[in-house]
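A.B. asks: What shape does this take:
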Amino acid sequence: MRNKTEISNEEIPTLVKDWRFYLGIGALALAIIMPVFALLVPLLGLSVAQSALIVGMLIGGGPEVMALIAVALLGKETFRYLLHSLKRFFRTKLLEKSASKGRYYFGLTINIASWIPLYLYGYLPAMMPGGDMRIYILAAADLSFVASMFIMGGEFWEKVRQIFIWEGKS
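C.D. replies: Below you'll find the model as predicted:
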């Protein structure tokens, strides 16, 4: 396992901004936002079959094709640079940053509160709204749970990591 000094001393890849870079970034951005356009398809007034076909292309096929085009245009070095930048962002902004006591307990409160809808729907479903509202509530609970992990900071991640390390007597 690498330690923090080895990670911080990684060779930083170089970035060459030529026409391939800009086309690749454009293709990558298009791959990310294409599924959002699927929300606009019902507003076009097309038949169900046509709408299903267009939504399928915007969600299931188009983003993958655009991502492959982006990878081909960007190349290995640019991909390494973007991956390095993303890792550095998560390491410095989210994981290694020490959370204050207030921030930690705020994240812990959100974490525990995100479990409540799951238990209420499991044991007292008559008290909770049904239909589509159920999906929205449970999705919000899941997103809150994930967000709370980042709010609590890197020290929390270290505590979670320690759960999976056996420290028994040999």
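
A.B. asks: Could you report the neighbour count for the nearest residue to Pro42 once chain neighbours are set aside?
C.D. replies: Setting aside the residues directly before and after it, Pro42 is nearest to Ser51 in space (CB to CB, 6 or more residues apart in numbering), at 6.4 Å. All C-beta spots, glycine's among them, are computed from the backbone N, C-alpha and C. The number of residues packed around Ser51, counting by other CB atoms under 10 Å, is 16.

A.B. asks: Look up how far Ile112 lies from Ser51.
C.D. replies: 42 Å (CB to CB, to the nearest Å).

A.B. asks: just Gly62 next, same as before
C.D. replies: In terms of CB to CB, Gly62 sits 40 Å off from Ile112.

A.B. asks: neighbour-wise, which of those two wins?
C.D. replies: Gly62 (18 against 11).

A.B. asks: before we move on, what SS does the more buried one have?
C.D. replies: helix (DSSP: H, G, I helix; E, B strand; the rest coil).

A.B. asks: wait, doesn't it sit right on Met34?
C.D. replies: Yes - Gly62 is in contact with Met34 according to CB atoms under 8 Å; the separation is 4.8 Å.

A.B. asks: what sits against the residue nearest the centre of the chain?
C.D. replies: Relative to the mean C-alpha position of the chain, the nearest C-alpha, by CA atoms, centre = their mean, is the one of Val146, at 9.3 Å. By CB atoms under 8 Å, 6 or more residues apart in numbering, no residues touch Val146.

A.B. asks: Ala141: which element?
C.D. replies: helix 132-151 (DSSP states H and E).

A.B. asks: quick one: low-confidence parts of this structure?
C.D. replies: For the chain, the stretches with pLDDT under 70 are 1-10, 13, 93-97, 170.

A.B. asks: mind giving me the domain split of it?
C.D. replies: 1-95, 97-170 (automatic domain parsing).

A.B. asks: mind checking how far the first one is from the chain centre?
C.D. replies: In other words, domain 1-95. 12 Å (CA atoms, centre = their mean, to the nearest Å).

A.B. asks: in the protein, which spans are strands?
C.D. replies: Using DSSP state E, no strands are assigned anywhere in the chain.

A.B. asks: give me the number of residues near His84?
C.D. replies: His84: 15 surrounding residues under other CB under 10 Å.

A.B. asks: Revised request: answer the last question for Tyr119.
C.D. replies: Quick note: Tyr119 (other CB under 10 Å) scores 9 neighbours.

A.B. asks: mind checking the backbone torsions on Pro129?
C.D. replies: Here is the backbone geometry of Pro129 (degrees, to the nearest 10): phi -70, psi 150.
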